[in-house]
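Engineer: Okay, here's the prediction I keep looking at, along with the sequence it came from:
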Amino acid sequence: MADPIEQFKVKTLVDLPDVTVPGLGVVDLAFTNSHLAMTVAFLLMVGFMHAVTSRAQVVPGRLQAAGEQMFGLIDNVTESIIGHDGRKYFPFVFSLFLLILGMNLLGMFLFFTATSQLAITAALGAMTILLVIAVGAIKNGFGFFKLFWPTSAPLVLRPVVGLIEFLSFLLRPVTLALRLFGNMLGGHVALKIFAGFVVTLGAAAFAGEGLGLFALPIAALSLGMVVALTALEFLVAFLQAFVFAVLASIYLNDVVNLGHGH
């Protein structure tokens, strides 16, 4: 049975010369299957939205309806969570959602899932939290630190609760990265394992080895699991992109509406 981890191996497609960057050391510029997957996902999402907006009609077709549904979904998320300032941050959240969704779905059809790489999800999480910090500092100045001083808690407990809030804030990019990475990695590993059972048991049955023909019912059960897990993975691919967008909006709301609701 094929190694279920083999599908996550980063492979060089085009080898390019290394460069030395001050402070970072030697950087490998090779074009890999990970780069290819991210580039294709980006181009597909850009092409999809271009097709939706360039042929907009009063009575939408299927493609336009799908695009409008996704647009409206994220627009409702940013407006309901962040409030009247939500439209300012909609482009960032919507871009995150589309890119993650594209990479997730692409991994269901092609050879590589970019979001199964912790480096990719960590970069997305770091980018999100850096934007949150920048917005908080620009909008609130030193008032940004009120985020770690809960006035609703008793005075004697505020330092302890504030420390917990600070640690929780530092863990936000970690949880963003691990949630997306873990779900995409685990789902694809499970698919590979059950698909391997189908091939191995089916081949053994027809070759008269192992359990013989008794292996066929087990292979059929494994095939059913593959079908069910595939359907579940499509749902997870969408949900993980949506959850990432929701959490990014929640984190932005914490600094945009610091100290008051919307």
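Structural biologist: Structure received.
Engineer: Flag every buried residue along stretch 158-176.
Structural biologist: The neighbour-count criterion (16 or more other Cβ atoms under 10 Å) identifies Arg158, Gly162, Glu165, Phe169, Arg172, Pro173, Leu176 as the buried residues of stretch 158-176. The way it works is simple: take the backbone N, C-alpha and C, and place the C-beta from them, glycine included.
Engineer: Which element, helix or strand, includes the fourth one?
Structural biologist: The one in question is Phe169. Element membership of Phe169, judged by DSSP states H and E, is helix 158-207.
Engineer: Quick one: residues contacting Gln64.
Structural biologist: The neighbours of Gln64, taking Cβ atoms under 8 Å, 6 or more residues apart in numbering as the test, are Val52, Arg55, Ala56, Gln57.
Engineer: that older thread, I'd like to know which of the buried residues of stretch 158-176 is nearest to Leu131.
Structural biologist: Distance to Leu131, by Cβ to Cβ, is smallest for Pro173 among the buried residues of stretch 158-176, at 10.8 Å.
Engineer: do you know how far that closest one is from Gln117?
Structural biologist: Counting by Cβ to Cβ, to the nearest Å, the gap from Pro173 to Gln117 is 16 Å.
Engineer: Repeat that for Val161.
Structural biologist: Applying Cβ to Cβ, one obtains 36 Å for the distance of Val161 from Gln117.
Engineer: Make sure I have this right: Val10 is in a strand.
Structural biologist: No - for Val10, which was evaluated using DSSP: H, G, I helix; E, B strand; the rest coil, the result is coil, with no strand membership.
Engineer: Go ahead and confirm it touches Asn33.
Structural biologist: Yes - between Val10 and Asn33 there is a contact at 6.5 Å, judged by Cβ atoms under 8 Å.
Engineer: Give the residue from these two that has the larger number of neighbours.
Structural biologist: Looking at Val10 and Asn33 with other Cβ atoms under 10 Å, you find the greater number of neighbours at Asn33, namely 16 against 13.
Engineer: For that one, list the residues it contacts.
Structural biologist: When the contact criterion is Cβ under 8 Å, 6+ apart, the partners of Asn33 are Val10, Lys11, Leu13, Phe111, Phe112.
Engineer: Same question for Leu101.
Structural biologist: With contacts defined as Cβ under 8 Å, 6+ apart, the neighbours of Leu101 are Met45, Ala237, Phe238, Ala241.
Engineer: So which of these are in helices?
Structural biologist: Met45, Ala237, Phe238, Ala241 (DSSP state H).
Engineer: related to what we said a few turns ago, most neighbours, which of the contacts of Gln64?
Structural biologist: Of all the contacts of Gln64, the most densely surrounded is Val52 (19 neighbours; neighbours counted as other Cβ under 10 Å).
Engineer: Contact partners for that residue?
Structural biologist: Neighbour list for Val52: Leu63, Gln64, Ala66, Gly67, Glu68 [criterion: Cβ under 8 Å, 6+ apart].
Engineer: just those now: which is nearest Leu201?
Structural biologist: Ala66 (38.6 Å).
Engineer: Let me know the pLDDT of Leu124.
Structural biologist: The pLDDT attached to Leu124 in the predicted structure is 95.
Engineer: Please apply the same query to His260.
Structural biologist: The score at His260 is 63. That number is its pLDDT.
Engineer: Tell me which stretches of the stretch 1-150 of the chain form strands.
Structural biologist: For the stretch 1-150 of the chain, the strands defined by DSSP state E, counting those that start in this stretch occupy 12-14, 19-21, 25-27, 31-32.
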